[in-house]
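> Take this sequence and fold it.
(one chain, ligands or ions: 1)
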Amino acid sequence: MQTIHKPNWHIPENHATPEHIFLNRRQFLTTTTIAASAALIPNIAQSATEPPDKTLNLYPAKQNPAYKLNRDITPINVTSKYNNFYEFGSHKRIAAAAQALKTRPWDITIEGEVQKPITISIDELIRKMPLEERLYRHRCVEAWAMAVPWTGFAFSELLKLADPKPSAKFVEMQTFYDPSIAGGQKQIWYPWPYKEGLTIAEAANELTFLATGIYGKPLLKQFGAPLRLAVPWKYGFKSIKSITRFRFTTARPVSFWEDVQPKEYGFWANVNPEVPHPRWSQASEELIGTGRRVPTQLYNGYGEQVAHLYKEGDSLGLTLWR
Ligand code: MTE
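Below you'll find the predicted structure:
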């Protein structure tokens, strides 16, 4: 992944503004940014040659007030043009190339150590799930950050559907594989398809979210349509895009970046400002589209929800590579 070199100066997020004014302004900006961003997303983000998305009428979903932000939503004209999706190129301007991805028909397979293995169409899966909107931060390992309104469902709902056996300790997720449309997958030195993994306890955590939409509409392709993970306390590479497969396993999966460079990208990858990446600091992050840097927080500010998951030995998960 590319490095962003920026000076290490800090500005507190609520610098010089009384808290009640700061928080009201946040609420106002959040609502207006979501509405303005939604207006920029076409109702149908698919190509004319694809079967229709049968879930359009489910958007926008009701916002879950438990998942709010203390920073501004990043507007869509920033987030939709600055993406990591190596299947379509190893730079940020992959949005145009990603439109080649056909997201219907799209099947999701749930297999491995489960009582109920199933292959189900994405529309059927989404229709079974209680959709909601959540405002989440996202912190890339490259030291940039954004904040977006995801629509989707809690991973715990997928666990109910799959019914993992007691032997299941991990879940591995896999992205599509089709080098004929995804030029990056012709780069044979990468271990395609992209894979990621979580422990079952992480997957069951209330924060772990499967996103089907963003800014009140179905996901644009560059964000990982039609289904992507959002685990906001972990570095962004854990949030795998365009998922086709969930495999429940007894052994810890080896993820894409861990396979490529195990000394730099590990299984846990929990956000930690104290542990630098071997090649750069993680102490602060650039809020994309603003030119500002802010201090990075342990677990990206989500310690209250997730710190209890990491109590023993090296599974503290606070270094990148163990
Ligand atoms: N998923 C797949 N399949 N391929 C990728 O290259 N990049 C990861 C993650 N998921 C990636 C992926 C990284 S490094 C980040 S930071 C986020 O996606 C970027 O998400 P965004 O483009 O929606 O901001």
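> For the ligand, what's its nearest residue on the stretch 51-200 of the chain.
Asn83 (3.2 Å; Cβ to the nearest ligand atom). (Each C-beta comes from the backbone N, C-alpha and C, glycine too.)
> Tell me which residues touch that residue, please.
92, 94-95, 98, 222-223 (Cβ atoms under 8 Å, 6 or more residues apart in numbering).
> So which of those belong to helices?
95, 98 (DSSP state H).
> which SSE is Phe158 in?
Careful, residue 158 is Leu and not Phe. helix 155-162 (DSSP states H and E).
> The residue of the stretch 51-200 of the chain closest to the ligand falls within a helix, correct?
No - assigned with DSSP: H, G, I helix; E, B strand; the rest coil, Asn83 falls outside any helix and is coil.
> where's it relative to Phe153, distance?
With distances taken as Cβ to Cβ, to the nearest Å, Asn83 is found 23 Å from Phe153.
> Could you do Pro179 as well?
Taken as Cβ to Cβ, the span from Pro179 to Phe153 is 30 Å.
> Find the closest residue to the ligand in this structure.
Per Cβ to the nearest ligand atom, Gly236 is where the chain lies closest to the ligand, at 2.7 Å.
> need the residues of the stretch 201-322 of the chain near the ligand, please.
For the stretch 201-322 of the chain, the residues in contact with the ligand (Cβ under 6 Å from any ligand atom) are 223-224, 236-237, 239-242.
> so which helix or strand takes in Thr244?
Here Thr244 sits within strand 243-249, counting by DSSP H and E.
> quick one: contacts of that strand?
Outside strand 243-249, the residues that touch it by Cβ under 8 Å, 6+ apart are 106-114, 158, 162, 164-165, 168-176, 197, 200, 210, 224, 227-229, 253.
> can you rerun that using 6 Å?
With contact meaning Cβ atoms under 6 Å, 6 or more residues apart in numbering, strand 243-249 is reached by 109-114, 164, 168, 170-174, 176, 227.
> which residue ranges form the helices in the stretch 1-150 of the chain?
With helices called from DSSP state H, counting those that start in this stretch, the stretch 1-150 of the chain shows them at 19-40, 76-79, 95-98, 122-128.
> pLDDT averaged over the longest one - what is it?
Think helix 19-40. Averaging pLDDT along helix 19-40 yields 66.
> going forward, begin numbering at 16 instead of 1
With the count now opening at 16, the last piece we talked about shows up as helix 34-55.
> Tyr280 - nearest residue in space that isn't next to it in sequence?
Trp272 (3.5 Å; Cβ to Cβ, 6 or more residues apart in numbering).
> In stretch 180-198, which residues are buried?
Within stretch 180-198, the residues scored as buried using 16 or more other Cβ atoms under 10 Å are 183, 185-191, 197.
> and of these, the nearest to Pro66?
Pro66 lies nearest to Phe191 out of those, by Cβ to Cβ, at 16.2 Å.
> low-confidence ranges in the protein?
16-44, 57-63, 327-337 (pLDDT under 70).
> What residues does the stretch 16-165 of the chain have near the ligand?
Within the stretch 16-165 of the chain, the positions adjacent to the ligand are 16, 98-102, 155 by Cβ under 6 Å from any ligand atom.
> so which pair among those is furthest apart in space?
Of all pairs drawn from those, the one with the longest distance (Cβ to Cβ) is Glu102 and Cys155, at 16.7 Å.
> If you count surrounding residues, which of the two has more?
Shown here are Glu102 and Cys155; by other Cβ atoms under 10 Å, Glu102 has more neighbours (28 against 20).
> Strands of this protein, residue ranges please.
Counting by DSSP state E, the chain has strands at residues 122-127, 133-136, 147-154, 159-169, 185-190, 210-214, 224-229, 232-233, 243-245, 258-264, 299-302, 307-310.
> Just send these back as TSV, with distance to Tyr280 too.
As requested, these are exported to TSV (distance: least, Cβ to Cβ, whole Å):
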stretch	distance to Tyr280
strand 122-127	23
strand 133-136	30
strand 147-154	14
strand 159-169	16
strand 185-190	16
strand 210-214	11
strand 224-229	21
strand 232-233	29
strand 243-245	16
strand 258-264	19
strand 299-302	17
strand 307-310	22
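> out of these, deepest packed?
Burial of the strands of the chain is given as mean neighbour count (mean count of other Cβ atoms under 10 Å); strand 224-229 ranks first at a mean of 26.
> Each with direction, which strands does it pair with?
Next to strand 224-229 in the sheet, as set by DSSP bridges, lie strand 159-169 (antiparallel), strand 232-233 (antiparallel), strand 243-245 (antiparallel).
> Please compute how far the longest one lies from its chain's middle.
I take that to be strand 159-169. 7 Å (Cα atoms, centre = their mean, to the nearest Å).
> Measure how far the direction of it deviates from that of strand 147-154, in degrees.
If you take axes from the mean of the first three to the mean of the last three Cα atoms, to 10 degrees, strand 159-169 sits at 150 degrees to strand 147-154.
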